[in-house]
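>>> Give me the fold of what follows.
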Amino acid sequence: MYSKNTLNEDITMALAHEVKSPLSLIKANIELLELENVLDNHKKNVKIIKNEINKISEIVSDFMLFCNQNYKKDLTKINLLDLVKDYIEKFNVYMNITFSLNCFEDEKDITILSEYYKISVILSNIYKNCVESISDKQGFIQTNIYIKNNYIIIDVIDNGKGLDEEISKKIYEPFFTNKSSGSGLGIPICINAMKSINGKFEIFNNKKYGCTTRIKFKK
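Residues are numbered from 1 along each chain as shown. The predicted model follows:
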């Protein structure tokens, strides 16, 4: 028997999937026409269309992730240090941002049994938000891994613009965003994912600059 919430999530997932498929097909056909030089006289328009398709596709993906948090995935052994290193490497392509990593524990003590997919989504959202907060200025993103009060803690610290008072009140709300594009689901996705694996998520302003995003895994 379906609960009302489960039924609504399944309907939303199905609808999002049905929207995402034609979007992918539209984008593929535009790229094919580009290769055949059919659209050479409309390059500006094509760029706008592709950008908007990418925005819609990203929003649909966020909806699918948001609705997918309650589904249990297979548990796997995860070395948090190795996973953080992977994401730092993926995002370390910005010339204006310096990345640093400090692990204050032995690697065997920060290995957990959890859902790899969910933690990957969380880290991806965190580093993406940090990069967007720094924008084009000279910045840094520092990651600290340590154990405190029986939690493995990952702090991701940036020197971006931080959160003003109004945004900090609403940042955990689904669909709230101060960006020109996006679904406003990035942080709620992280919160739901951490809750589903008995962890905690928080984001707060630093005293002097930027934000710290903290995720806590129960040992």
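>>> what's the closest non-adjacent residue to the most centrally placed residue in the chain?
The residue lying closest to the centre of the chain (C-alpha atoms, centre = their mean) is Asn125, at 1.7 Å. Ranked by C-beta to C-beta, 6 or more residues apart in numbering and with sequence neighbours excluded, the top spatial neighbour of Asn125 is Gly186, at 4.6 Å. No exception for glycine: its C-beta is placed from N, CA and C like everyone else's.
>>> and the closest residue to Leu75 other than its chain neighbours, what helix or strand is that in?
With sequence-adjacent residues excluded and distances taken as C-beta to C-beta, 6+ apart, Leu75 is closest to Leu113, at 5.2 Å. Leu113 belongs to strand 111-114 when assigned by DSSP states H and E.
>>> buried stuff in that strand?
Ile112, Ser114 (16 or more other C-beta atoms under 10 Å).
>>> which residues are in contact with it?
With C-beta atoms under 8 Å, 6 or more residues apart in numbering as the contact definition, strand 111-114 has outside contacts at Leu75, Thr76, Lys77, Ile78, Asn79, Leu80, Ile152, Ile197, Phe217, Lys219.
>>> got JSON lines for the residues you listed, with pLDDT, distance to Gly160 and secondary structure too?
Listed next are the contacts of strand 111-114 as JSON lines, based on pLDDT from 0 to 100; distance: C-beta to C-beta, whole Å; DSSP: H, G, I helix; E, B strand; the rest coil:
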{"residue": "Leu75", "pLDDT": "83", "distance to Gly160": "34", "secondary structure": "coil"}
{"residue": "Thr76", "pLDDT": "90", "distance to Gly160": "32", "secondary structure": "strand"}
{"residue": "Lys77", "pLDDT": "92", "distance to Gly160": "33", "secondary structure": "strand"}
{"residue": "Ile78", "pLDDT": "93", "distance to Gly160": "27", "secondary structure": "strand"}
{"residue": "Asn79", "pLDDT": "95", "distance to Gly160": "28", "secondary structure": "strand"}
{"residue": "Leu80", "pLDDT": "96", "distance to Gly160": "23", "secondary structure": "helix"}
{"residue": "Ile152", "pLDDT": "96", "distance to Gly160": "25", "secondary structure": "strand"}
{"residue": "Ile197", "pLDDT": "85", "distance to Gly160": "27", "secondary structure": "coil"}
{"residue": "Phe217", "pLDDT": "95", "distance to Gly160": "24", "secondary structure": "strand"}
{"residue": "Lys219", "pLDDT": "83", "distance to Gly160": "30", "secondary structure": "coil"}
